[in-house]
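Participant: what shape does this take:
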Amino acid sequence: MVKSGRRLAREYALQTLYAYEMTHNPIEEVIEDVVNSGIEDKKTRRFAETLIRQIVDHQREIDRMIRKKALNWDFTRIAIIDKLILRMGITEFLYFEDIPPKVTINESIEIAKRFSTEKSGSFINGILDSILSDLKDAGKLHKSGRGLLDVKADS
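Facilitator: Numbers count the residues shown, from 1 in each chain. As a prediction, the model looks like this:
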C-alpha cells in the first residue's frame, strides 16, 4: 500500500513529537533528526514541519481541550501516543483550513491502529468527535473549500 504524502507526514510528525517528549531536545533539532532526514518530498516535509510547530506552539490550549473531554481519565495516565495523536487531530481542526474534519478523524484513527493499542482508535474517535462538535457549536471551526464542512439541509 502506498501512503499519501500527508499520511507519511503525520506518521513522521508523531515520531518527531514522541522523540521531543522523551528527550526534551529543542524541537528544531528533533525535526531535523527525524523529519528532514526521513522525508524526501518537500511538500510532505513542509506539512509535517508545520503540523509539528503548530502543535508545540498551541500545546497548552490543546491539552486543556483534551482534559475537558477526558473526564474519566487522569491526563497524565493517557498513553503518550494517544495524547500526541489527539494533539495532531485538534491542531488540524483548528489550524489547517484545507483538511476536512472527517479526514482528520479517520487519519487519527488509522494512525492509532498502527502505533498504539487496540482500544486507542475508539478513544481517539470519541474525544476528537466531541471536540469537533464543541468547535462547530462555538463557531471556532474555520474550514474553507468544497466538502470541508457538513452543511445542514435547512441552511
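
Participant: make it CA atoms for all contacts and neighbour counts henceforth
Facilitator: OK.

Participant: contacts for the helix or strand of the chain with the lowest mean pLDDT, please.
Facilitator: Lowest on mean pLDDT, DSSP states H and E among the helices and strands of the chain sits helix 37-38, with a mean of 90. By C-alpha atoms under 8 Å, 6 or more residues apart in numbering, the surrounding residues in contact with helix 37-38 are residue 12.

Participant: what comes up buried for the next helix or strand after that helix?
Facilitator: Once the chain leaves helix 37-38, the next helix or strand it forms, by DSSP states H and E, is helix 42-57. Using 16 or more other C-alpha atoms under 10 Å as the test for burial, helix 42-57 gives 44, 45, 47, 48, 49, 51, 52, 53, 54, 55, 56.

Participant: the fourth one contacts residue 14, doesn't it?
Facilitator: No: counting by C-alpha atoms under 8 Å, no contact exists between residue 48 and residue 14, whose distance comes to 9.1 Å.

Participant: still on that earlier bit, how far does the least confident helix or strand of the chain sit from the chain's center?
Facilitator: Put simply, helix 37-38 sits 20 Å off its chain's centre (C-alpha atoms, centre = their mean, to the nearest Å).

Participant: stretch 80-95 now?
Facilitator: 3 Å.

Participant: and for stretch 38-47?
Facilitator: 17 Å.

Participant: now the end-to-end length of that stretch.
Facilitator: End-to-end span of stretch 38-47 (C-alpha to C-alpha, to the nearest Å): 13 Å.
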